[in-house]
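Chemist: Give me a model of this one.
(chains A and B)
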Amino acid sequence: MDILLQQVINGLVLGSVYALVALGYTMVYGIINLINFAHGEVLMVGALTSWSVIGLMQDAMPWAPGWLVLLLSMVIACIVSAALNFVIEKVAYKPLRNAPKLATLITAIGMSLLLQTLAMIVWKPNVKVYPTLLPSEPFAIGGAVITPTQVLILALTAVSLAVLMWLVHFTRLGRAMRATAENPKVAALMGVKPDLVISATFVIGAVLAAIAGVMYAANYGTAQHTMGFLPGLKAFTAAVFGGIGNLGGAVLGGILLGLIESIGSGYIGTLTGGVLGSNYADIFAFVVLIIILTLRPSGLLGERVADRA
Amino acid sequence: MNAGENMRTRNPLIHVFSPQADRGTRMAAWVVAAMLLLVLPHGLQYFGNAWVRIADLALLYVMLALGLNIVVGYAGLLDLGYVAFYAVGAYLFGLLASPHLAENFAAVAAIFPNGVHLSLWVVIPLAALVAALFGALLGAPTLKLRGDYLAIVTLGFGEIVRIFLNNLDRPINLTNGPKGIGQIDSVKFFGLDLGKRLSVTDDYDIPAVTLYYYLFLALVIVSIVICTRLQDSRIGRAWMAIREDEIAAKAMGLNTRNLKLMAFAMGASFGGVSGAMFGAFQGFVSPESFSLMESVMIVAMVVLGGIGHIPGVVLGAVLLSSLPEVLRYVAGPLQQMTGGRLDASILRQLLIALAMIVVMLWRPRGLWPAPDHGRVLEEKA
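Modeler: Numbers count the residues shown, from 1 in each chain, chains lettered A, B, ... in the order given. Down below sits the predicted model:
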């Protein structure tokens, strides 16, 4: 039982990170129908920015408590990532808004590669140790443990989600976003400025990704220029799993994917008598995804839209 | 002839190949092109065998891109896991043409005491067949999926294949895990071993890479012929109908399920053959060669070159596969200029990324797009 509880906790933490990143994918997809391949890289830039800021702050003001340093670095990471994603959209995606869909996809892939390379030049390719800023003694819950960092991840995810839901459902901008997602042309006729909405979407997605990146790095204790790839891929999977374009679906997909991976890799060894090990963890996510999509071709919460000609 | 076509055929280099050029010019142009392709490796050899190797790999990528073009370009199904079929072909040849199986399985060793060594004539159809089977296997559960869902499922399939290759060294050692399979035979046919240099006269011999060049060139030409014939066939036109509007295609009585499966299987078979050739050429295969990035690069080749247009796809594949290698040589001096801060591999990656973005921004339909898109409508008007 302890092992199960522990895996559930780990799964929830991992799933929260996936959910935050998946929201960025799903929002962008909902509005401009683009798989933003560079989104994982935004997470990476967020994490590495915060790593640099922490380094600077620890030199400049050694008296500052760990949580303050982490918080400030996260704020700066959010700003940098938001600015970056804003520029990416303007430079690489906006000129292609009426181009074939695959062209934008290739640009996004190119952008991902470009950001990774630039990050390698700026931050050097080595693996960086992400400092432990929060107390490391874990809390015990019924035989399982949870670290303060993990608690923070869960709390931050919950807060971010609440803010996002409020933003999307109760503000003018949110209404404009929903309208644009529904039908960009009609929304524009009703006085919504599509460029503004799209930029806002990219900025919000980047902030969520930066939070996820900082938390991911803090949880695993490392940061590197390649770190965005796997969470990005998983988050994209999560977004599709939940039904791409659907915010609730992204969160559900992210958390379920985290749980499946964590529980699956925890038990696969015992279930198969040691034949298959936890190195098959990544397969779980994809196998489940394929099964789900076969049964429900538009994801868990996705609407069954008719094919448009 | 419409305006768009006029503009494109104005390029004299391309024009001489087009059906509008007079017969003699066209024949001459093809002969010159064929001569150039035949002589090319001998020219490259002069600069070193590494350059011929680049040409060889470029040809393999042309085959891959042509295969993917069937799936993405003709049938309009975005496949982000295409490299899986390349891997299937490579491992198939790796297993059947190396001592690995005999070393690890007593039953195999009993039948083939020296290891299984199959000839080219068995390997090519077998690789095509097995990869096609995998293609249909992947296609089956994805038939109902729309564009981006399909993309992620195929991506997942590619990753699953790679993870299995990486981990199937236990409980039974099938793939030798991350270490990969080595000692793979070179290609032999009609008593000619492509792995050894061939002595023509006393002072001139043809190195192995050049021999492979001719084999790959032949395969590429066969692939192009197959693709062209497919494109104009009933099946090819049905694929394009599905690409343009699946519901309408269905309403016209096309069996979309079988056609999509056929597209997957057909595309995959090209990947399988290319993979088998890669295995033979390298003499070694490991899961590392079949990462997601590889799939993405093949998609990029197809889209960058001109999706659904054979010359465009060939151009895209040649550019994207040889550019990084060529840049490796050019990047050296630049590295010295920047004081070693930018090393060759970083610079290479940077330039490729920039190229992908800039080309797409500049020509969203690819470098050499299909000219006949919407031709029927324009002719009517």
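
Chemist: just the helices in chain A please.
Modeler: A:2-32, A:39-60, A:66-88, A:101-123, A:148-170, A:172-182, A:184-189, A:194-220, A:229-242, A:247-271, A:281-295 (DSSP state H).

Chemist: Specify the angle between the longest one and helix A:281-295 in degrees.
Modeler: What that stands for is helix A:2-32. Interaxial angle, helix A:2-32 versus helix A:281-295 (axes from the mean of the first three to the mean of the last three Cα atoms, to 10 degrees): 60 degrees.

Chemist: again, but for the fifth one
Modeler: Orientation of helix A:148-170 against helix A:281-295 (the same axes, to 10 degrees) gives an angle of 30 degrees.

Chemist: Could I get the buried residue list for helix A:148-170?
Modeler: Buried residues in helix A:148-170, counted by 16 or more other Cβ atoms under 10 Å in any protein chain shown: A:Pro148, A:Thr149, A:Gln150, A:Leu152, A:Ile153, A:Leu154, A:Leu156, A:Thr157, A:Ser160, A:Leu161, A:Leu164, A:Val168. In this view, the C-beta of every residue, glycine as well, is placed from N, C-alpha and C.

Chemist: Need the residues that contact that helix.
Modeler: Outside helix A:148-170, the residues that touch it by Cβ atoms under 8 Å, 6 or more residues apart in numbering or on different chains are A:9, A:12-13, A:16-17, A:19-20, A:23, A:134-139, A:173-174, A:177-178, A:204, A:208, A:211, A:215, A:218-219, A:247, A:251.

Chemist: so where's the stretch 151-300 of chain B uncertain?
Modeler: Low-confidence segments of the stretch 151-300 of chain B (pLDDT under 70): B:190-191, B:199-204.

Chemist: How about chain A?
Modeler: Applying pLDDT under 70 to chain A picks out residues A:1, A:273-278, A:303-309.

Chemist: will you turn the buried residues of helix A:148-170 into JSON lines that also has distance to B:Asp193?
Modeler: Shown next, in JSON lines, are those (distance: Cβ to Cβ, whole Å):
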{"residue": "A:Pro148", "distance to B:Asp193": "65"}
{"residue": "A:Thr149", "distance to B:Asp193": "60"}
{"residue": "A:Gln150", "distance to B:Asp193": "60"}
{"residue": "A:Leu152", "distance to B:Asp193": "64"}
{"residue": "A:Ile153", "distance to B:Asp193": "59"}
{"residue": "A:Leu154", "distance to B:Asp193": "63"}
{"residue": "A:Leu156", "distance to B:Asp193": "63"}
{"residue": "A:Thr157", "distance to B:Asp193": "61"}
{"residue": "A:Ser160", "distance to B:Asp193": "63"}
{"residue": "A:Leu161", "distance to B:Asp193": "64"}
{"residue": "A:Leu164", "distance to B:Asp193": "64"}
{"residue": "A:Val168", "distance to B:Asp193": "66"}
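
Chemist: Quick one: check stretch A:237-248 for contact with chain B.
Modeler: Yes: Stretch A:237-248 lies within reach of chain B by Cβ under 8 Å from any Cβ of the partner chain, at A:Thr237, A:Val240, A:Ile244.

Chemist: how about the residue nearest in space to the middle of chain B, phi and psi?
Modeler: Taking Cα atoms, centre = their mean, the centroid of chain B lies closest to B:Leu64, which sits 1.5 Å from it. Main-chain dihedrals, B:Leu64, degrees, to the nearest 10: phi -60, psi -50.

Chemist: That one reaches B:Gly272, doesn't it?
Modeler: No: using Cβ atoms under 8 Å, B:Leu64 makes no contact with B:Gly272, being 10.2 Å away.

Chemist: Common neighbours of the two, please.
Modeler: Residues touching both B:Leu64 and B:Gly272 by Cβ under 8 Å, 6+ apart: B:Tyr86.

Chemist: Spatially nearest residue to residue 57 (excluding sequence neighbours)?
Modeler: Just going to use chain A. Nearest residue to A:Met57, sequence neighbours excluded (Cβ to Cβ, 6 or more residues apart in numbering or on different chains): A:Val69, at 5.1 Å.

Chemist: nope, chain B please
Modeler: For B:Leu57, ignoring the flanking residues on the chain, the nearest one in space by Cβ to Cβ, 6+ apart is B:Ser321 at 5.9 Å.

Chemist: Mind checking what secondary structure the one you found has?
Modeler: At B:Ser321, secondary structure determined by DSSP: H, G, I helix; E, B strand; the rest coil is helix.

Chemist: How many residues are close by the residue in the stretch 101-250 of chain A positioned nearest to chain B?
Modeler: When scored by Cβ to the nearest Cβ, the stretch 101-250 of chain A has A:Gly110 as its residue closest to chain B, at 3.1 Å. Neighbour count of A:Gly110, defined by other Cβ atoms under 10 Å in any protein chain shown: 26.

Chemist: wait, what's in contact with it?
Modeler: By Cβ under 8 Å, 6+ apart, the contact set of A:Gly110 is A:Ala92, B:Ala300, B:Ile352, B:Ala353, B:Leu354, B:Ala355, B:Met356, B:Ile357, B:Met360.

Chemist: Excluding sequence neighbours, find me the nearest residue to it.
Modeler: B:Met356 (3.1 Å).

Chemist: ok, and for the helix or strand that contains the one you found, which residues are buried?
Modeler: Assigned by DSSP states H and E, B:Met356 falls within helix B:344-362. Buried residues in helix B:344-362, counted by 16+ other Cβ under 10 Å: B:344-353, B:355-357, B:359-361.

Chemist: Stretch A:79-98 now?
Modeler: Those would be A:Ile79, A:Val80, A:Ser81, A:Ala82, A:Leu84, A:Asn85, A:Ile88, A:Glu89, A:Ala92, A:Tyr93, A:Leu96, for stretch A:79-98 by 16+ other Cβ under 10 Å.

Chemist: just the helices of chain A: most buried one?
Modeler: A comparison of the helices of chain A by mean neighbour count, using mean count of other Cβ atoms under 10 Å in any protein chain shown, puts helix A:229-242 on top with a mean of 27.

Chemist: in the stretch 51-200 of chain B, what residue is nearest chain A?
Modeler: Nearest to chain A in the stretch 51-200 of chain B, going by Cβ to the nearest Cβ, is B:Gly156, at a distance of 3.4 Å.

Chemist: Any idea how many residues pack against that residue?
Modeler: By the criterion of other Cβ under 10 Å, B:Gly156 has 25 neighbours.

Chemist: what's near enough to touch it?
Modeler: Contacts of B:Gly156 (Cβ under 8 Å, 6+ apart): A:Thr237, A:Ala285, A:Phe286, A:Val287, A:Leu289, A:Ile290, B:Gly81.

Chemist: CSV for those residues, including distance to A:Leu114?
Modeler: Formatted as CSV, the contacts of B:Gly156 follow (distance: Cβ to Cβ, whole Å):
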residue, distance to A:Leu114
A:Thr237, 23
A:Ala285, 27
A:Phe286, 27
A:Val287, 32
A:Leu289, 28
A:Ile290, 31
B:Gly81, 23
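
Chemist: Nearest to A:Ile106 among these?
Modeler: Closest to A:Ile106 out of these is B:Gly81 (16.6 Å), distances taken as Cβ to Cβ.

Chemist: Next to chain A in this structure, residues from the stretch 251-381 of chain B, please.
Modeler: Proximity of the stretch 251-381 of chain B to chain A, by Cβ under 8 Å from any Cβ, involves residues B:292, B:296, B:299-300, B:303-304, B:307, B:341-342, B:346, B:349-350, B:352-357, B:360-361, B:364-366.
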